[in-house]
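**Q** I would like the atomic coordinates for the input below:
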Amino acid sequence: MDGTCQPPVGSETGSTSHSQKVDQLFGAIADRYDLVNDIQSLGLHRVWKRRVLSLAKVRKGEMVLDLCCGTGDLIIGLAKSGGTLLGIDFNRPILRKAAVRLVKRRRRRISLAQADALQLPLRGGSFDVVTIAYGLRNLADIGAGLREITRVLKPGGRLLILDFGKPANPIIRRAYFLYIAWMLPIFGWLFCGNAAAYAYILNSLKNYPAQKGVAAALGSLDYEPVRVMDIMGGAMSIHVAVKQ
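**A** Okay, the predicted model is just below:
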């Protein structure tokens, strides 16, 4: 359910090694990416993404950036809005899958580009809407990623973030983390021959600020209002924020 947004360059330390690891993991599972997402979420990730589409309220003529676009689930749905769309991801195999899907569906007004989410090759204040589904958690520096998103958003622009959450209820939380720790790697091994790519999800959640932390970070960047919507008891969450 994730997209990759950073490059595999340089040394094996710090954010560079993190970026390289994420890029390699997603490249290894690109061919079965959509299948495993459907299986591990029981198809529910598509329902959650449709919720993001309805909350985005994209109007005809608006400029929309789908960051960490993956194989294009969100951007294909956004194409129906009449906006002008750009999908960015760093992983080439994943982007190739997105390009094939766009051609098959004859989607227009959509461009795809490979770029680093922390150094977007885009003019400031150029987008009305930015969406990011299952990508923020993968960034080596989440704060820097949010600042870069803020830079490219217009004043009054909307930001929508869909990602894993951290349930507040201790019983739900325990069951949730057990599922992620055990079942997701099994699905990855069975259908991709790669358990590590899905074991990575648990590791990525350890330092992810989730609902409250992301909301606080957005507030510090002068987004208002910031709405947080829990899904399935907080197992997933959607943030909707407006740049002031």
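**Q** which residue lies farthest from the center of this structure?
**A** Farthest-out residue of the chain from its mean C-alpha position, per Cα atoms, centre = their mean: I171, at 26.6 Å.
**Q** gap between that one and G233?
**A** Going from I171 to G233 by Cβ to Cβ, to the nearest Å gives 9 Å. C-beta: built from backbone N, CA, C; applies to glycine.
**Q** next one: R108
**A** For R108, the distance to G233 equals 39 Å [Cβ to Cβ].
**Q** these two: who's more crowded?
**A** Set R108 next to G233 and count neighbours by other Cβ atoms under 10 Å: G233 wins out with 15 against 9.
**Q** quick check: closest non-adjacent residue to the more buried one.
**A** I172 (4.5 Å; Cβ to Cβ, 6 or more residues apart in numbering).
**Q** show me where this protein has its helices.
**A** All helices of the chain, identified by DSSP state H, fall at 14-29, 33-40, 44-56, 73-78, 92-105, 142-152, 170-178, 184-192, 196-206, 210-220.
**Q** so which of these is nearest R158?
**A** Closest of the helices of the chain to R158 is helix 44-56, at 6.6 Å (criterion: Cβ to Cβ).
**Q** next, the buried residues of that closest one.
**A** Across helix 44-56, burial judged by 16 or more other Cβ atoms under 10 Å covers L44, H45, W48, K49, R51, V52, L53, L55, A56.
**Q** just the closest of those residues to K243, please.
**A** A56 (14.1 Å).
**Q** wait, isn't the closest one in contact with I161?
**A** No: distance between A56 and I161: 11.3 Å, which falls outside the contact criterion (Cβ atoms under 8 Å).
**Q** and for the two, which residues touch both?
**A** Residues touching both A56 and I161 (Cβ atoms under 8 Å, 6 or more residues apart in numbering) are T131.
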